[in-house]
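>>> Predicted model and sequence below, questions to follow.
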Amino acid sequence: MRNLPGTSDLRLALFEPDIPQNTGALLRLAACFGVAVDLIDADNGAHLWAEKYDRDAAATSLFALQDDLTDHIVATVADNNGVLVWSMAAGLRDRPAGFRVLSGDDAVTLPLIALGADGIVSVVSNETPDLMANLTESALRGDWEIARELHYRLLPLMEANFLESNPGPVKAALTAMGLLEEHVRLPLVPVQEQTRARVRAVLGALGLLPGAAHVAA
C-alpha cells in the first residue's frame with residue numbers, strides 16, 4: 001500500500017475469498033490476472049478514482065505485472081493532478097502533420113482545443129450530446145465566449161460523472177433521465193445514494209430530468 005501524505009491514499013490489496021475488499025483486489029483466474037485499484041482521499045474517505053486492469057497470466061509474472069501497472073497508475077494519478085494538460089500540450093506541439101488529437105476528458109476539452117486539439121471522446125455527451133457538441137464546435141470555430149459559457153455550465157456534470165468509478169455515475173444519470181435501467185457488473189457496484197443525489201441535482205439544474213424544460217443549447 002502506498003500513501004500520498006496529506007492528500008490521498010492509494011490502496012491495492014490481494015483478493016481473499018469471503019473477505020470484503022473495498023480498497024482494491026488482485027484476482028488470478030485461469031487465463032489472466034484481474035487487478036482493481038482504488039484511490040481514496042485520506043482526509044475524508046472520498047472515492048477519487050478507480051481502474052481495472054487485465055493481464056495475460058501465462059505471459060506475466062507478478063513482478064512484471066507490478067512494474068507494468070506501476071507506470072500506468074502513476075501516469076493516471078499524475079494526469080488527475082494536472083500533468084495531462086501539460087503532456088497533451090507537448091503532444092499537440094510535436095505531432096506530425098495531419099495527425100489529429102482528441103481530448104479524452106470533457107473538462108479539459110476547451111483548453112486543449114485552444115492549443116490545437118481536434119475534438120473530444122466524450123462522457124458527458126451521453127447525457128447531453130447537444131450541449132457538448134455545441135461546446136466543441138464553438139471552440140473549433142473560435143467562438144470562445146460561447147464555448148467558455150457552455151464549459152462552465154456543463155462543468156458540474158463533468159465532475160459529477162466521476163464522483164465514483166466511471167461509468168457508475170453516468171448510468172445513474174441516464175437512469176434518472178429515463179433512458180436506461182441501471183445495471184453494472186463486478187467489480188463495479190451501483191453508486192452511493194449521496195452520489196445519486198448529487199447527480200440528480202446537477203441534472204435538474206440543467207433541465208435534464210423528465211418533465212423539465214431542457215436548457216437551450
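Now that the structure is in, tell me what you want to look at. Numbering: from 1, shown residues only.

>>> Would you mind giving the secondary structure of residue 34?
strand (DSSP: H, G, I helix; E, B strand; the rest coil).

>>> How many neighbouring residues does it have?
The tally of other residues near residue 34 (other C-beta atoms under 10 Å) stands at 16. Backbone N, C-alpha and C define where each C-beta goes, glycine included.

>>> quick one: it from residue 123, how far?
Noted for residue 34: a distance of 23 Å to residue 123, by C-beta to C-beta, to the nearest Å.

>>> can you map out the strands along this protein?
2-4, 8-11, 24-28, 32-40, 47-56, 102-103, 119-120 (DSSP state E).

>>> lowest-confidence stretch among these?
Mean pLDDT is lowest for strand 2-4 out of the strands of the chain, coming in at a mean of 37.

>>> How about residue 196: what's its closest non-neighbour residue?
residue 172 (5.2 Å; C-beta to C-beta, 6 or more residues apart in numbering).

>>> before we move on, what about residue 38?
The nearest residue in space to residue 38 (C-beta to C-beta, 6+ apart) is residue 50, at 4.7 Å.

>>> could you list every residue that touches the one you found?
36, 37, 38, 39, 164, 165 (C-beta atoms under 8 Å, 6 or more residues apart in numbering).

>>> Sort out which one of the residues you listed lies nearest residue 154 for me.
Minimum distance to residue 154 across those is 18.8 Å, recorded for residue 164 (C-beta to C-beta).

>>> how about the nearest residue to residue 112, chain neighbours excluded?
Using C-beta to C-beta, 6+ apart, the nearest residue to residue 112 is residue 103, at 4.6 Å.

>>> ok, what's across the strand from the one you found?
Bridge pairing for residue 103 (DSSP bridges) gives the partners residue 120.

>>> Tell me who's in contact with it.
88, 109, 112, 113, 117, 119, 120, 121.

>>> what's the spacing between it and residue 150?
For residue 103, the distance to residue 150 - C-beta to C-beta - is 15 Å.

>>> Below-threshold pLDDT in this protein: ranges please.
Applying pLDDT under 70 to the chain flags the ranges 1-33, 41-44, 46-49, 55, 57-65, 67-68, 71-72, 74-87, 212-217.

>>> Apply 80 and report the result again.
Low-confidence segments of the chain (pLDDT under 80): 1-90, 187-188, 211-217.

>>> and the gap between residue 89 and residue 103?
Distance from residue 89 to residue 103, by C-beta to C-beta: 12 Å.

>>> Could you do residue 121 as well?
7 Å.

>>> Any chance you could list what contacts stretch 163-182?
By C-beta under 8 Å, 6+ apart, stretch 163-182 touches 47, 49-51, 123, 126-127, 157, 160-162, 183-184, 188-192, 195-196, 198-200, 203, 208-210.
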